[in-house]
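> I would like to see how this sequence folds:
(chains A and B)
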Amino acid sequence: MTSMDDEKPGLAPNCRYAEDAPGYVLGWLSKKDAVAFRSHMESCGTCARAATTARQIIERLRADPDEACADDLAEKVMADIRTWSGTDMNRGRETGERVARLARAAAVILLLLGIGALLVARRGAERMPQAAGTGVGLAVPPGLAEEPAARSGSGASLDKALTWLVKAQEPDGRWASASRGVTNNYDVGVSGLALMALLGGEPPAGIKGEASEAIRSGVNFLIAQQAPSGLFGPVFSGATYNHGLATLAMVHACARDTNSEWRAAAERGVRFITTIQDVSGGWNYLCSSPGTVNSSASVWPLVALIRAESAGFKGLNPSVQRGLRWMQAAVNGDGLMGYYRVNDAPDGYDTLTAAGAMCLLRGKRGVDSQVLDSMLPKVRKLATEAGGKVDFYRTFFVSEALALVQDSGSEPAVSMNTRLLAMQQHDGMSAGSWSAHDDKWGMVGGPVYSTALAAMSLNCCPGGVAAR
Amino acid sequence: MNDNVDRAAEDRADVEAMLAAQAGRLEPFEGLVRRHQQPLVNFFRRLCVDSSSDVQDMAQLTLVRLFQHRARYRPTARFTTFLYTVARNVFIDAMRRRNRGRELVEDLVHETPGSDDGGMGRMRLRMDVREGLLQLSEKLRCVVVLAVYRGMRYEEIAEVLGIPVGTVKSRMFQAMEQLKEILSDLDGR
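Next up, the predicted model:
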């Protein structure tokens, strides 16, 4: 076979844009780049010829039709797989039996040692604060156990918000997003937000029972949406948001209830987050092109892991540390967080910076204090900025970040809360909610999204503690 | 628009089939096999694998290996990136075991049009395109086949081949220029 050199003399383009010609013909250039290339071709014969060549060659190549595969190819593949799986399963069964024998032997030894261990543990437990949600194997670190369930301030508004959320729940336990198409259904993510708002607040006395029932059926809805892989919700690019929010909600729910089914679902969700973590440490949209890990997709998975780790879920520290390192690396010298990387923010820095600050403050250990010091002034400034487009996401991230640095009673926080309270609706069926109409992401999240985030922000109100 | 929706639905079905396979469920995987068997056969055919039976064998081996390596799959990129990485490795392994000569071109010369291929015109076109691709280096040919016939973007091709995006772009440009010369030589015969 003749092999031609890749770098044959004479084939190097004499215009540096000529190599874009095939991508232009195939439609891969962004709209902006395609327009620029088209305009460039008008004055560049090299590129115009390259595009014509690419078009002609591609058309000719595509005229070569596909050939059919063998009729029995699929059957042969499945037969091979079943044969191989049978062998593999037998091997697995033998390994399992061996492990079981070793486990039984080890159990005898552990039983003898266990009595002493129990005595030590009991003495230790007497010193630790007892908190709801202490399930088997769940060590409750002081940080989580000591966060009080109640919060003060903005009480009446929060009561109305939580009441509205309880009433907005659908019969099957979900809360509905505005975007419910086949390809981008955010019900799972929005349900996660609603659950976190209810779990983080103290519902008014009149609806305590209903709120508990809403939480129970909401959690069961999430569990019903979980695939065996651990993924909550449907597979589509935005699934990373859905899954991060749902997992975080499940972790919060487990801190309130020792339900083993809830715990198992939360663990599967947490494990799924670690499996989809990019080698760089960040997260991407599901089913996306490589090289598109970004801070927006990374926030909720990372926060879910951080909260799970502090709630006693084991083995998460390496993933958490990698995630925090990725986030830190996306912050520039001015304290602004980028999207794909540092100094890159196609939709602006504000929300990303607030979200990044919240993550890094939540992560704390191993986070460079200079990075946080550079971000906090930006976060405080966001709290004071009135006007501009409503962004409930940003409001929540700012509120949480300020609460984490004990600034929830500061003037910026109070002024932001005042503006938030002023937007709450008071009439008819919407009473207690916040409209998503003017929010950046409202067309996707809907009023449950905006109300849940507003409620979670109010949980960080002056005098209160950070939202759970 | 419909093509995009169909492709998105297929992408989702593929990811779900892989996740189901990871969880020990085989049934959705058969759907995945049926969706991708013909594209795989044609992928190997256009990489100029010599015989029809070898092409089928390599497609079969790719799909079995895909199942065997299912634990390595992560739904963070398009499924086809993972699939064609496996396929490319199958191709490389096969080529290393074989002594490739110009048998393909010899076979093409001796092929006669069958009743199912539309006559000499289509056979001639197919021969020219295949011969044209054959005359490219394997590095350039692979980029062309993935880009033109599998619709992969540069970033995805870079991931499959383990090379930078800039190199993919450069190879695609080189391939277009070389194919222009090759095919015009073939047309002149």
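> contact partners of stretch A:210-220?
A:162, A:165-166, A:169, A:172-175, A:191, A:194-195, A:198-199, A:203, A:249-250, A:253, A:256, A:262 (Cβ atoms under 8 Å, 6 or more residues apart in numbering or on different chains). (Glycine included, C-beta is placed from N, CA and C.)
> Buried residues in that stretch, which are they?
A:211, A:214-215, A:218-220 (16 or more other Cβ atoms under 10 Å in any protein chain shown).
> how about the helices in chain B?
Using DSSP state H, the helices of chain B run over B:2-22, B:27-46, B:52-68, B:79-97, B:103-110, B:120-135, B:138-144, B:154-161, B:165-187.
> In terms of secondary structure, what does the longest one contact?
So that's helix B:165-187. Here helix B:165-187 touches helix A:21-26, helix A:45-62, helix B:120-135, helix B:138-144, helix B:154-161, going by 3 or more Cβ pairs under 8 Å, 6 or more residues apart in numbering or on different chains; DSSP states H and E.
> do the third one as well
Contact partners of helix B:52-68 among helices and strands, from 3+ Cβ pairs under 8 Å, 6+ apart: helix A:73-127, helix B:27-46, helix B:79-97.
> Worst mean pLDDT among the helices of chain B?
Of all the helices of chain B, the minimum mean pLDDT falls on helix B:103-110 (a mean of 39).
> residue contacts, the most centrally placed residue in chain B?
With distances taken as Cα atoms, centre = their mean, B:F43 lies nearest the centre of chain B, 2.2 Å away. For B:F43, the contact set (Cβ under 8 Å, 6+ apart) comprises B:59, B:84, B:87, B:145-146, B:149-150.
> Minimum distance to chain A, which residue of chain B gives it?
B:A23 (3.4 Å; Cβ to the nearest Cβ).
> next one: stretch A:309-326 to chain centre, how far?
14 Å (Cα atoms, centre = their mean, to the nearest Å).
> What are the buried residues along that stretch?
Under 16+ other Cβ under 10 Å, the buried positions of stretch A:309-326 are A:309-313, A:316, A:319-320, A:322-326.
> right, and A:V320 touches A:V303 too?
No - counting by Cβ atoms under 8 Å, A:V320 does not reach A:V303; the two are 10.0 Å apart.
> residues touching A:K160, list them.
A:424, A:431-432.
> hmm, I was thinking of B:V144
A:61, B:133, B:136, B:172, B:175, B:179 are the contacts of B:V144 under Cβ under 8 Å, 6+ apart.
> Got phi/psi on the residue of chain A found nearest chain B?
Going by Cβ to the nearest Cβ, chain B is nearest to A:P228 of chain A, at 3.4 Å. Dihedral angles of A:P228 (phi, psi; degrees, to the nearest 10) stand at phi -60, psi -30.
> how close does the nearest residue to it once chain neighbours are set aside get to B:F79?
Nearest non-adjacent residue to A:P228, counting by Cβ to Cβ, 6 or more residues apart in numbering or on different chains: B:A23, 3.4 Å away. According to Cβ to Cβ, to the nearest Å, B:A23 and B:F79 sit 16 Å apart.
> Tell me which of those two has more neighbours.
B:F79 (22 against 12; other Cβ atoms under 10 Å in any protein chain shown).
> Export the helices of chain B as JSON lines, with columns for distance to A:A34.
Shown next, in JSON lines, are these (distance: least, Cβ to Cβ, whole Å):
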{"stretch": "helix B:2-22", "distance to A:A34": "17"}
{"stretch": "helix B:27-46", "distance to A:A34": "27"}
{"stretch": "helix B:52-68", "distance to A:A34": "34"}
{"stretch": "helix B:79-97", "distance to A:A34": "23"}
{"stretch": "helix B:103-110", "distance to A:A34": "37"}
{"stretch": "helix B:120-135", "distance to A:A34": "27"}
{"stretch": "helix B:138-144", "distance to A:A34": "21"}
{"stretch": "helix B:154-161", "distance to A:A34": "14"}
{"stretch": "helix B:165-187", "distance to A:A34": "15"}
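> Compute the number of surrounding residues for A:T83.
A:T83 has 11 nearby residues by other Cβ under 10 Å.
> What pLDDT is listed against it?
82.
> Mind picking the two most distant members of the contacts of B:F43?
Pairwise distances across those peak at 15.4 Å for B:A59 and B:L146 (criterion: Cβ to Cβ).
> need the residues of the stretch 201-350 of chain A near chain B, please.
A:227-229, A:231, A:234-236, A:275-276, A:278, A:283-284, A:286-291 (Cβ under 8 Å from any Cβ of the partner chain).
> Can I get stretch A:28-44 in CSV? Just the C-alpha atoms.
Provided in CSV are the C-alpha atoms of stretch A:28-44 (Å, rounded to 0.1, in the frame of the first residue of the first chain):
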residue,chain,number,x,y,z
TRP,A,28,-18.7,22.3,12.7
LEU,A,29,-17.6,25.9,13.2
SER,A,30,-19.6,27.9,15.7
LYS,A,31,-22.0,30.4,14.1
LYS,A,32,-19.6,33.2,14.8
ASP,A,33,-16.6,31.5,13.3
ALA,A,34,-18.6,30.3,10.3
VAL,A,35,-19.7,33.9,9.6
ALA,A,36,-16.1,35.0,10.0
PHE,A,37,-14.8,32.3,7.7
ARG,A,38,-17.3,33.0,5.1
SER,A,39,-16.4,36.7,5.1
HIS,A,40,-12.7,35.8,5.0
MET,A,41,-13.2,33.6,1.9
GLU,A,42,-14.4,36.6,0.0
SER,A,43,-10.9,38.0,0.0
CYS,A,44,-8.8,34.8,0.3
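> tell me the mean pLDDT for that stretch?
Computed over stretch A:28-44, the mean pLDDT rounds to 91.
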